[in-house]
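1. what follows is a predicted protein model with its sequence.
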Amino acid sequence: MSTDISLPDVCNIGVLVSHRGSNLQAIIDACESGTLKAKPTIVISNNSQSGGLERARLAGIASLHLSSKTHPEPDLLDSAITAALKEHQVNLVVTAGYMKKLGPITLQAFRGKIINIHPSLLPKHGGKFMFGLNVHQAVLDAQETETGITVHHVDGEYDTGQIIAQTRLPVFTHDTAESLADRVIIREHELLIDTLKGITG
Ligand code: GRF
């Protein structure tokens, strides 16, 4: 695992999510149990109905819906995301199932301190439409014998930043996109928390 991110002793994490938020929940649980010496201080979603926002509310974490609906002008949305992360004293940003690209203002403000999790062995099966079951179907279509998970730094593109850590797992002949998704998500949570442990110390 390669991590060159320097952080304070208590790391405040900002999490961006779009839907279910199970990776967010893994972070919340790891922080609550003391597995991670970190604190999620803000959860931001482009989707006002996302499970992630609900999970944040239940955990007593500040949560915000910021999207093209709340901020139709892209630069203003980008600034609002940065402002919210700064207001909550975020040291490390995790995009966990966040379906949007971050804008240049946020990328600059948190340069080198934004990580993403993706359910494939990048650089394979990443990119704009590679989310949800699409990723696992692409793995099956390519007749891969193994798949995996990647945690990587975020740059201005989808799924292209420097790789920090990967986990590999086999693809079985009887696998469907759904069965792969079910197996991969469990290992995602483990890899994300292990990687965050490595980063936050
Ligand atoms: C995960 O597979 C993550 O790797 C991908 O989107 C999915 C989000 O799942 N980027 P969840 O919202 O964390 O449950």
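-> Thanks, I have the structure now. This is a predicted model, so every value here is computed, not measured.
2. pretty sure residue 101 is touching residue 155, no?
-> No. Using CB atoms under 8 Å, residue 101 is not in contact with residue 155; the gap is 9.7 Å. In short, each C-beta sits where N, CA and C put it, glycine included.
3. quick one: contacts for the residue nearest the centre of the chain?
-> By CA atoms, centre = their mean, the chain has its centre lying nearest to residue 96, at 2.0 Å. By CB atoms under 8 Å, 6 or more residues apart in numbering, the contact list for residue 96 reads 15-17, 21, 23-24, 27, 52, 116-117, 192.
4. skipping its backbone neighbours, what lies nearest it in space?
-> Sequence neighbours aside, residue 23 is the residue nearest to residue 96 in space, at 3.7 Å (criterion: CB to CB, 6 or more residues apart in numbering).
5. check what pLDDT the one you found gets.
-> At residue 23, the pLDDT value in this model is 98.
6. and what of residue 8?
-> On the pLDDT scale, residue 8 gets 79.
7. can you count the residues close to it?
-> 11 (other CB atoms under 10 Å).
8. packing partners of the longest helix along the chain?
-> Scanning the chain for the helix with the most residues, using DSSP state H, yields helix 177-200. Helix 177-200 makes packing contacts with strand 11-17, helix 22-33, strand 92-95, strand 114-118, helix 133-141, strand 146-153, strand 163-170 when contacts are defined by 3 or more CB pairs under 8 Å, 6 or more residues apart in numbering; DSSP states H and E.
9. same thing but at 7 Å, please
-> helix 22-33, helix 133-141, strand 146-153, strand 163-170 (3 or more CB pairs under 7 Å, 6 or more residues apart in numbering; DSSP states H and E).
10. which residues sit against that helix?
-> 1, 3, 5, 7, 11, 22-23, 26-27, 30, 35-38, 92, 117, 119, 133, 136-137, 139-140, 147, 149, 151, 164-165, 167, 169, 171 (CB atoms under 7 Å, 6 or more residues apart in numbering).
11. swap in stretch 20-33?
-> 13, 15, 17, 36, 38-40, 43, 50-52, 55, 59, 94, 96-97, 117, 185, 188-189, 192-193, 196.
12. dump it to CSV, keeping only the CA atoms.
-> Extracted C-alpha coordinates of stretch 20-33, given in CSV (Å, rounded to 0.1, in the frame of the first residue of the first chain):
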residue,chain,number,x,y,z
ARG,A,20,-26.7,3.5,-0.4
GLY,A,21,-23.7,4.6,1.7
SER,A,22,-22.5,1.2,3.0
ASN,A,23,-18.9,2.3,2.7
LEU,A,24,-19.8,5.4,4.6
GLN,A,25,-21.4,3.2,7.3
ALA,A,26,-18.1,1.1,7.4
ILE,A,27,-16.3,4.4,8.2
ILE,A,28,-18.8,5.5,10.8
ASP,A,29,-18.6,2.1,12.5
ALA,A,30,-14.8,2.0,12.4
CYS,A,31,-14.6,5.5,13.9
GLU,A,32,-17.2,4.7,16.6
SER,A,33,-15.4,1.5,17.6
